[in-house]
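Student: Starting from these lines, generate the structure:
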Amino acid sequence: MRKPIFLLAVFVVLGVSAWYGQNTLRSYFVGAEKPEPTITEEPAVPEGEPITEAPVKLPEDILRERAFAVAHRPIYVNAKLSPSVEKSARDKITEVVNMIQDNYDYDSPWLELAGYRKLIGDYEGAIQAWLFLSEIRPNSFVPLHNIGELYAFTLRNHFKGEQYLLGSREVSQSNTQGYLALANLYGSAKELGKQDQVDDILIGGLAANPTDTLLMTTLAAYYRDKGERDLALSYYRRALELFPDSASLKQEIAALEAR
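Tutor: The predicted model follows:
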């Protein structure tokens with residue numbers, strides 16, 4: 001039986017206790033400069049020998065080679081784990097790599113691979129796996145969202161985190177966790193200078209997802225803490241209409257009405 005620590009949350013990747021700076025990430029990530037190709041002269045073909053051309057690689061062949069290169073990245077354990085947990089993580093990584101070897105065009109192994117690499121503190125390896133999944137699944141917000149949360153809340157690279165979270169929102173307006181993560185980031189990362197955009201982000205999320213009560217209550221709590229009583233009440237009441245038996249919502253409303 002798998003241990004509970006390895007039950008990955010696919011859509012929301014939780015932060016781990018180890019914190020690492022962004023300098024552990026290599027130059028081939030998004031926005032990095034690529035080295036100029038080296039131009040070499042073709043060797044001369046000896047006279048009398050037939051000239052043969054190298055086979056042209058199809059895009060599928062190129063993707064498969066890149067998939068194997070990402071999947072077979074060495075295992076770097078940078079987190080403090082017990083020997084048993086580390087062994088289980090290594091075994092699981094080997095298992096999902098074998099799945100990718102059989103079929104790289106399948107979402108779950110990439111998500112598991114990235115999740116386990118994040119668990120062991122190999123953030124670079126996790127990002128590589130998510131980026132490859134994003135390439136073969138350009139209509140999926142999940143890998144971009146996970147990269148954004150890793151940058152924003154684990155690596156504390158808030159600008160990179162914002163970049164990927166915004167990218168995930170562009171892919172899917174229904175990603176309510178993306179709005180919540182952005183609101184959290186804007187409220188906590190002062191260097192971004194966007195504290196005044198927290199409610200704008202949540203309101204935008206509600207415009208795209210008008211029945212999401214988590215967005216409503218988060219926005220209501222934001223206004224409550226800002227001392228904007230009437231706005232807070234309006235969103236708590238909207239949430240109560242959807243969940244009329246919620247005792248916690250009734251308590252929040254009663255406390256605000258008593259002010």
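
Student: Would you mind pulling the contact partners of stretch 214-221?
Tutor: Applying Cβ atoms under 8 Å, 6 or more residues apart in numbering, the contact partners of stretch 214-221 are 176, 179-180, 183, 199, 202-203, 205-206, 209, 231-236, 238-239, 249, 252. For glycine as for every other residue, the C-beta is placed from the backbone atoms N, C-alpha and C.

Student: Please spell out the PyMOL selection for the buried subset of the residues you listed.
Tutor: Those of the contacts of stretch 214-221 that count as buried under 16 or more other Cβ atoms under 10 Å are selected in PyMOL with:
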select buried, resi 176+179+180+183+199+202+205+206+209+231+232+233+235+236+238+239+249+252
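
Student: which ones among the contacts of stretch 214-221 are found in helices?
Tutor: Among the contacts of stretch 214-221, the ones falling in helices (DSSP state H) are 176, 179-180, 183, 199, 202-203, 205-206, 231-236, 238-239, 249, 252.

Student: Tell me how many other residues crowd A247.
Tutor: By other Cβ atoms under 10 Å, 8 other residues sit near A247.

Student: roughly how far apart are it and A208?
Tutor: Per Cβ to Cβ, to the nearest Å, A247 is found 29 Å from A208.

Student: end to end, how far does stretch 116-127 reach?
Tutor: From its first residue to its last, stretch 116-127 covers 11 Å (Cα to Cα, to the nearest Å).

Student: err, stretch 204-215, not the other one
Tutor: 10 Å.

Student: Can you list the buried residues in that stretch?
Tutor: So stretch 204-215, judged by 16+ other Cβ under 10 Å, has buried residues 204-206, 209, 212-213, 215.
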